[in-house]
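Student: make a model of this:
(chains A and B)
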Protein chains: 2
Amino acid sequence: MPNPTAAILIIGNEVLSGRTADANLNHLARRLGECGINLEECRVVKDVPDAIITAVNALRTQYTYVFTTGGIGPTHDDITIPTIAQAFGVAVERNLQVETKLREYYASRLAPAALRMADYPAGARVVWHGEQFAPGCIMENVIIMAGQPRIMQIMLEAALPMLTQGEPMHTRQIDVWVYESAIAEALESIQNRFPDVDIGSYPYRIEGRPGTALVARGLNPETVEEAFTAIKTLLENVGAETRAA
Amino acid sequence: MPNPTAAILIIGNEVLSGRTADANLNHLARRLGECGINLEECRVVKDVPDAIITAVNALRTQYTYVFTTGGIGPTHDDITIPTIAQAFGVAVERNLQVETKLREYYASRLAPAALRMADYPAGARVVWHGEQFAPGCIMENVIIMAGQPRIMQIMLEAALPMLTQGEPMHTRQIDVWVYESAIAEALESIQNRFPDVDIGSYPYRIEGRPGTALVARGLNPETVEEAFTAIKTLLENVGAETRAA
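Tutor: Numbering: from 1, shown residues only, chains lettered A, B, ... in the order given. Sure, this is the predicted structure:
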């Protein structure tokens, strides 16, 4: 069975204004890779209902899972829950267990707006976790999480066991002091010999010296290893000096 | 005249595999904001022709500008130029001035594959910059740049004077030690009074203590200032302690 696929939808004006540097994409990309869920695409949209609905509906019909981050909370700019409910054509419903939990947590500091964090799209499964704030939820194939990285990570770990996982990707990497143009043609012929392995070439400079990271990545550990051996042989043939990565 | 709008298209398996944490979105978001170009959306796609073509064609018809990063270079996984040419239905053409530059730069180290960096979609404008590697280009409203942050930033600064710029956004921010739920309703009524100002509320925790960043952002400095004053008055009224940001 092929691996499940996924897209990430980052919801937040603050990422597009440059105020906040997103930290969730990289964490999600690594964790999904470890779980054998193939991340195919990511989108970042503003806190605007039309933008969110269009993106959610495009992505949820195209991929096995959609992971959203951001726009969860008690303030007026937290519109992810009602907007995703609208995308699915369902109402928003208050979850009484979560409401009880919020009342216990905030106690006398409870503001009416805090209870908005107990609202979910009708039919969503609440994703319980050990911490004392509102849980995320899964609406059909859409996993709805907070934007704060620490909370997002807790919600993700609680959600992953509820999802179908696949075979993890295998990756081999070598760094060499070489211009990538010097090995481009030979590398392409290796890629052509191993169509199931993604071979990537990532050039950089360190103190003016040109280096390249070469990466072989795929589902089958043997073919990844074969492709990687071919890359290492190529590098020996051109006399490329290995860089300790 | 309203500000021009923009989308960013990040092209790269390495970002979606988690190998590389993208650093270009945040830089671009800040610089476009300073230039009065409203960043509306960002997408990250794999080095796969269909994915790139679909995204480029969706974004270039929807926004004033599309800024792409990644997939520029001499190796087989650098497919941005031929793929964007395909999206526009044009051929790829070698630019002789850039070819001359590359031959001078590489001299005896020149590998045939390096000359691929002199290829551009037919009709694209080359974006010259002072450094000794291949320039980016502008194909109609699509600005094509490298993925390495240092090179991307050089290409961006060379491209910006060739684009229509608008009015920069004005932003005011205050950080307070308060649960955002305690001010959510009052904040929403301020947002309703100032529909042209984006008011954002961004909660966090520092050593367990709940804090919130409140941001007012908009094109008109006076209404941003009025909205910000209303936020400060609200914070005084609830006795919220200011946090030095």
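Student: domain map for chain A?
Tutor: According to automatic domain parsing, chain A is divided into the following domains: A:5-162, A:170-243.
Student: just the ones you listed: most buried one?
Tutor: Ranked by average neighbour count under the criterion mean count of other C-beta atoms under 10 Å in any protein chain shown, those are headed by domain A:5-162 at a mean of 20. For glycine as for every other residue, the C-beta is placed from the backbone atoms N, C-alpha and C.
Student: now the end-to-end length of that one.
Tutor: 15 Å (C-alpha to C-alpha, to the nearest Å).
Student: with stretch A:197-215 instead?
Tutor: 10 Å.
Student: what's in contact with that stretch?
Tutor: Contacts with stretch A:197-215, where a contact means C-beta atoms under 8 Å, 6 or more residues apart in numbering or on different chains, come from A:171-180, A:183-184, A:187, A:190-191, A:216-218, A:220, A:223-224, A:227, A:231, A:235, A:243, A:245, B:13-14, B:19-20, B:47, B:73, B:75-77, B:148, B:150.
Student: who's in contact with the top helix by length along chain A?
Tutor: As assigned by DSSP state H, the longest helix anywhere in chain A is helix A:221-237. For helix A:221-237, the external contacting residues (C-beta under 8 Å, 6+ apart) are A:170-172, A:174, A:176, A:178, A:183, A:186-187, A:190, A:193-194, A:196-197, A:199, A:214, A:216-218, A:242.
Student: let's see which of those residues end up in strands.
Tutor: Counting by DSSP state E, the contacts of helix A:221-237 place A:His170, A:Thr171, A:Arg172, A:Ile174, A:Val176, A:Ile199, A:Leu214, A:Ala216, A:Arg217, A:Gly218, A:Thr242 in strands.
Student: closest one of those residues to A:Tyr105?
Tutor: Of all those, A:Tyr105 sits closest to A:Thr171, with 41.0 Å by C-beta to C-beta.
Student: which pLDDT value goes with the closest one?
Tutor: On pLDDT, A:Thr171 comes in at 93.
Student: wait, isn't A:Asn26 in contact with B:Asp22?
Tutor: Yes. Using C-beta atoms under 8 Å, A:Asn26 is in contact with B:Asp22, at 7.5 Å.
Student: list residues touching both of the two?
Tutor: Applying C-beta under 8 Å, 6+ apart, one finds that A:Asn26 and B:Asp22 are jointly contacted by B:Val15.
Student: for A:Leu219, grab phi and psi.
Tutor: Note on A:Leu219: its backbone torsions stand at phi -80, psi -30 [degrees, to the nearest 10].
Student: low pLDDT regions in chain A?
Tutor: Along chain A, the parts satisfying pLDDT under 70 run over A:132, A:245.
Student: from chain B, how far out is the residue nearest the centre of it?
Tutor: Central residue of chain A (C-alpha atoms, centre = their mean): A:Leu28, 3.3 Å from the mean position. From A:Leu28 across to chain B, the span is 8 Å (C-beta to the nearest C-beta, to the nearest Å).
Student: nearest residue to that residue in space, ignoring adjacent ones along the chain?
Tutor: The shortest distance from A:Leu28 to any non-neighbouring residue, by C-beta to C-beta, 6 or more residues apart in numbering or on different chains, is to A:Ile8 (5.6 Å).
Student: hey, where'd the strands end up in chain A?
Tutor: Using DSSP E, strands in chain A cover A:5-11, A:38-45, A:65-69, A:92-94, A:119-121, A:125-127, A:136-139, A:142-145, A:170-177, A:198-206, A:209-218, A:241-243.
Student: okay, the angle between the first one and strand A:38-45?
Tutor: It refers to strand A:5-11. 20 degrees (axes from the mean of the first three to the mean of the last three C-alpha atoms, to 10 degrees).
Student: neighbouring strands - and their directions - for strand A:5-11?
Tutor: strand A:38-45 (parallel), strand A:65-69 (parallel) (DSSP bridges).
Student: with the fourth one instead?
Tutor: Paired with strand A:92-94 in the same sheet, following DSSP bridges, are strand A:119-121 (antiparallel).
Student: which residue is the nearest non-sequential neighbour of A:Gln148?
Tutor: Among residues not flanking A:Gln148 along the chain, B:Tyr204 sits closest, at 6.5 Å (C-beta to C-beta, 6+ apart).
Student: next one: A:Glu185
Tutor: Distance criterion C-beta to C-beta, 6+ apart; nearest residue to A:Glu185, sequence neighbours excluded, is B:Ala113 at 5.4 Å.
Student: mind listing what that neighbour touches?
Tutor: Neighbours of B:Ala113 in contact, by C-beta under 8 Å, 6+ apart: A:Ser181, A:Ala184, A:Glu185, B:Pro74, B:Thr75.
Student: list the contacts of stretch A:98-109.
Tutor: For stretch A:98-109, the external contacting residues (C-beta under 8 Å, 6+ apart) are A:110, A:114-115, A:117-118, A:120, A:126, A:132-135, B:179, B:181-182.
Student: the same query, at a cut-off of 6 Å, please.
Tutor: Here stretch A:98-109 makes contact (C-beta atoms under 6 Å, 6 or more residues apart in numbering or on different chains) with A:Ala114, A:Leu115, A:Ala118, A:Gln132, A:Ala134.
Student: tell me which of those is nearest to chain B?
Tutor: A:Ala114 (3.7 Å; C-beta to the nearest C-beta).
Student: what's near enough to touch the closest residue to that closest one other than its chain neighbours?
Tutor: If the residues on either side of it in the chain are set aside, A:Ala114 comes closest to B:Ser181, at 3.7 Å by C-beta to C-beta, 6+ apart. Contact analysis of B:Ser181 by C-beta under 6 Å, 6+ apart lists A:Pro74, A:Ala111, A:Ala113, A:Ala114.
Student: how far away is the third one from A:Ile79?
Tutor: Looking back up the chat, that one is A:Ala113. Separation of A:Ala113 from A:Ile79 (C-beta to C-beta, to the nearest Å) stands at 13 Å.
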